[in-house]
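only geometry, no sequence info:
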């Protein structure tokens, strides 16, 4: 078991233990757990979408690739299966107002740019899906620069459809749980 999975398991066990204690010792207030989970989902989903929205006014410029590579991560997608994902690792240089900068942020989240080893049908994804394989050191690449802090950059400023739907699902799940909580409070209140 990898470290990320172990850490997630420990957090879930701690969360479930706290929920159990609340249900055990203050059952009439247990419905507030729904509110806490609802707020957490709204903050996580909405906060992630806001990160991408902040890139809307960033300045597009050209950067020169210094070094480029590929990394991979194996992710459990079920109890017995794992899937390998590939993503780019790019070091680049750019200049703003005559001052040179360097960066290596491809996107806000690795999951935004990673590509699975196989598609939804189980067939290997072609190398053309991994757009970074056609790049080499010395190539120019578009970079998006924060106008307020020129050392803050990304190469991919938009969320992919998959990531955007993931964040929208978290946000919507939080709103629905909040509505369920409001319904419960209305039924419990005298």
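Received it, and whenever you're ready, just let me know what you need. From a predicted model like this one, the values you see are computed outputs, not experimental measurements.

just checking, residue 147 touches residue 56?
No: taking contacts as Cβ atoms under 8 Å, residue 147 lies outside contact range of residue 56: 11.3 Å. Where you see a C-beta, it was placed from the backbone N, CA and C, and this is true even at glycine.

mind listing what's buried in the longest strand seen in the chain?
For the chain, the strand that runs over the most residues, judged by DSSP state E, is strand 59-76. For strand 59-76, burial by neighbour count (16 or more other Cβ atoms under 10 Å) applies to 63, 65, 68.

could I get the buried residue list for whichever helix or strand comes after that strand?
Moving toward the C-terminus from strand 59-76, the next helix or strand (DSSP states H and E) is strand 82-96. Neighbour counts over strand 82-96 (16+ other Cβ under 10 Å) mark 85, 86, 87, 88, 90, 92, 94, 96 as buried.

please name the residues that touch the nearest residue to residue 35 once chain neighbours are set aside.
Computed as Cβ to Cβ, 6 or more residues apart in numbering, the closest residue to residue 35 that is not its neighbour in sequence is residue 181, at 4.8 Å. Taking Cβ atoms under 8 Å, 6 or more residues apart in numbering, we find residue 181 in contact with 31, 32, 34, 35, 38.

among these, which one has the most neighbours?
residue 38 (20 neighbours; other Cβ atoms under 10 Å).

pLDDT at the residue nearest to residue 35, what is it?
pLDDT, residue 181: 86.

many thanks, have a good one.
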